[in-house]
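Trainee: Got a predicted structure plus its sequence, pasted below:
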Number of protein chains: 2
Amino acid sequence: MEWQARLQEYLAPRVVLVNRALEAYLAYDQPLPRQLPEAMRYAALGAGKRLRPILCIAAAEALGGNAERVLPTACALELIHAFSLVHDDLPAMDNDRLRRGQPTVWVKYGEAMAILAGDALFAKAFELIARQADFSPAEHVVAVLHLIADATGLQGMCGGQAEDILSEGETVSAEQLRAIHTRKTGALIRASVLSGALLAGATPHQLSALDAYSRALGLAFQITDDILNETATPEQLGKPVGSDRARRKATYTALFGIETARAHARQAYQEALSALCDFDQRAEPLRWLAAYAVERTH
Amino acid sequence: MEWQARLQEYLAPRVVLVNRALEAYLAYDQPLPRQLPEAMRYAALGAGKRLRPILCIAAAEALGGNAERVLPTACALELIHAFSLVHDDLPAMDNDRLRRGQPTVWVKYGEAMAILAGDALFAKAFELIARQADFSPAEHVVAVLHLIADATGLQGMCGGQAEDILSEGETVSAEQLRAIHTRKTGALIRASVLSGALLAGATPHQLSALDAYSRALGLAFQITDDILNETATPEQLGKPVGSDRARRKATYTALFGIETARAHARQAYQEALSALCDFDQRAEPLRWLAAYAVERTH
């Protein structure tokens, strides 16, 4: 059986688990406030790979941990991802009207509700991190909180998005591009892997190896995203092809061309595998996910 | 000496302590990202009463706790307040161009940076809650995290702001108005008092009394805000007088008239005092703060 099939077999029950938990965490039965809970559900429960929760779960399982016992944190990571997409799509930011082929939150609910839905998803994520204490020692929860808060703030996701916007139309060096994406998407991917590992009781040596793995993985994902933005069909992307180029965004393909970008992605894949050399077969899903990062078609 | 003078004497050193800590937490020396750290500092370090940090400190001190040992959480509460103001001022929300007599963040840095500065302040707040573990048991930190995340999300600040916006121009009952403000401003005031109390090792009985105190206090503050929006000078407000009325916002003064609103504020003050009847003289600052809530002129 090829790795693709084994990865699908690994993912299917875990994506169900995550989606069921997200549905439960975002259920509501109160009449007030209006609109906001629907907008939050629309933003978080639609189609999506659930990559960050899966990375959290796969890292925990690689160390003998259990998927169900990291679900609050896994879902928190997905809500943070959803929050960032809602705000990034706003007219003042990337001004995107479509995501995964559907109207974005601000198109459907208006800008005010989109800003607030993002904020409330972010708050909900931290509530879920607190709920991780149902399964984990409080010390582990605080470590995860610190990790995830750092990954989302000034030196993480928000800072990366700020630099990405400010550098539109500028000439950006390879180093600057790397710095943008390390923050904008890499930091949360890293926090996803490391939080799962922390909750499973990782040793410092294991954390350091998974740190290297997650950095290489984040890079592989980002380079491949940039390539797909140029080469995929609109149906595969769920949005127009070449939108980054049209917006004069700094991308790996703009900087290196598609072929060199592909070589960089393969190199990142090899680095991700090397980082896992001391891990046993329980880390196979992390290896398949690295392969998926560079081989996917959407 | 009157309570006003004793309150000033209480506040002065503590506001200095909070401002110094905020300055240190928001210091930056990295070249990237651009603009965002300045926008965050502009939003959080300007003039302001530091009411929420002070409430956290005063509640801790009322139970024998120490101001310096609750500073990370106290500052987190101020950053959350600052984040909410930055987003509330956005054109898609309240569209305010002035706050405390200064241009609002989106006027000064643009909408994209204002959205991101708010998000990054929110993230920083949760980083500071994690740092509270330098002084407090991890179990206390997790309890504070849960309390503050709940107070800011769907059933707290974000939900209240959503309802406030959706009800503009609608006829709102006293019950609905109370429900809006309990979420929009009351929840974070309550979390400020209770987090300080939790970190000082409050008993369930003490928490329950401070819960009642903080709810009455939040109401007293909100009613007085509504009255001042009608009766203060533009210099006192730092923004145009009657802006809520112009926007057809639901307010206590619109619903009850100024005199009845004043009576309600005084009643809330009495309830706040009653809630503290089992507390000794260390709770005096909490009593003065309740007096200040209804007696202030800006």
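Mentor: Here it is on my side, so go on.
Trainee: show me where pLDDT drops low in chain A?
Mentor: A:1 (pLDDT under 70).
Trainee: Packing partners of the longest helix along it?
Mentor: Taking DSSP state H as the criterion, chain A has its longest helix at helix A:204-231. With contacts taken as 3 or more C-beta pairs under 8 Å, 6 or more residues apart in numbering or on different chains; DSSP states H and E, helix A:204-231 sits against helix A:51-62, helix A:174-181, helix A:187-199, helix A:234-237, helix A:243-246, helix A:252-256, helix A:258-275, helix A:284-295. In short, each C-beta sits where N, CA and C put it, glycine included.
Trainee: Try it again at 7 Å.
Mentor: helix A:187-199, helix A:243-246, helix A:252-256, helix A:258-275, helix A:284-295 (3 or more C-beta pairs under 7 Å, 6 or more residues apart in numbering or on different chains; DSSP states H and E).
Trainee: Need the CA coordinates for the second one. CSV is fine.
Mentor: Included here for helix A:243-246 are C-alpha records, laid out as CSV according to Å, rounded to 0.1, in the frame of the first residue of the first chain:
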residue,chain,number,x,y,z
SER,A,243,-4.1,35.7,-7.3
ASP,A,244,-0.8,36.2,-5.4
ARG,A,245,1.0,37.3,-8.5
ALA,A,246,-1.9,39.6,-9.5
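Trainee: Please point out which parts of stretch A:207-224 sit buried.
Mentor: A:209-210, A:213-224 (16 or more other C-beta atoms under 10 Å in any protein chain shown).
Trainee: Once you drop chain neighbours, what's closest to A:Leu11?
Mentor: Nearest residue to A:Leu11, sequence neighbours excluded (C-beta to C-beta, 6 or more residues apart in numbering or on different chains): A:Ile54, at 6.5 Å.
Trainee: The one you found touches A:Pro13, doesn't it?
Mentor: No. Using C-beta atoms under 7 Å, A:Ile54 is not in contact with A:Pro13, being 11.1 Å away.
Trainee: Who has more neighbours out of the two?
Mentor: A:Ile54 (26 against 10; other C-beta atoms under 10 Å in any protein chain shown).
Trainee: quick one: whichever residue of the stretch 151-298 of chain A sits closest to chain B from B:Ala39, how far?
Mentor: Closest contact between the stretch 151-298 of chain A and chain B, by C-beta to the nearest C-beta, is at A:Gly153 (3.3 Å). Distance of A:Gly153 to B:Ala39, given as C-beta to C-beta, to the nearest Å: 13 Å.
Trainee: Now for the spatially most central residue of chain A: which residues touch it?
Mentor: In chain A, the residue lying closest to the centroid (C-alpha atoms, centre = their mean) is A:Arg52, at 4.6 Å. Contacts for A:Arg52 (C-beta atoms under 7 Å, 6 or more residues apart in numbering or on different chains) come out as A:Leu77, A:Glu78, A:His81, A:Leu188, A:Ile189, A:Ser192.
Trainee: just the helices in the stretch 1-150 of chain A please.
Mentor: Ranges of helices in the stretch 1-150 of chain A, per DSSP state H, counting those that start in this stretch, are A:3-25, A:36-45, A:51-62, A:71-88, A:105-109, A:111-131, A:138-152.
Trainee: Quick check: A:Thr167 touching A:Arg248?
Mentor: For the record, residue A:167 is Ser, not Thr. No. Assessed by C-beta under 7 Å, A:Ser167 is found out of contact with A:Arg248, at 9.4 Å.
Trainee: quick one, which of those two is more surrounded?
Mentor: Per other C-beta under 10 Å, whichever of A:Ser167 and A:Arg248 has more neighbours is A:Ser167, with 20 against 12.
Trainee: Test my guess that A:Arg100 contacts A:Gln236.
Mentor: No. A:Arg100 is beyond contact range of A:Gln236, at 10.8 Å (criterion: C-beta under 7 Å).
Trainee: Tell me which of the helices and strands packed on helix A:204-231 sits nearest to A:Ala58.
Mentor: For A:Ala58, the closest of the helices and strands packed on helix A:204-231 is helix A:284-295, at 4.4 Å, according to C-beta to C-beta.
Trainee: Fine by me, thanks again.
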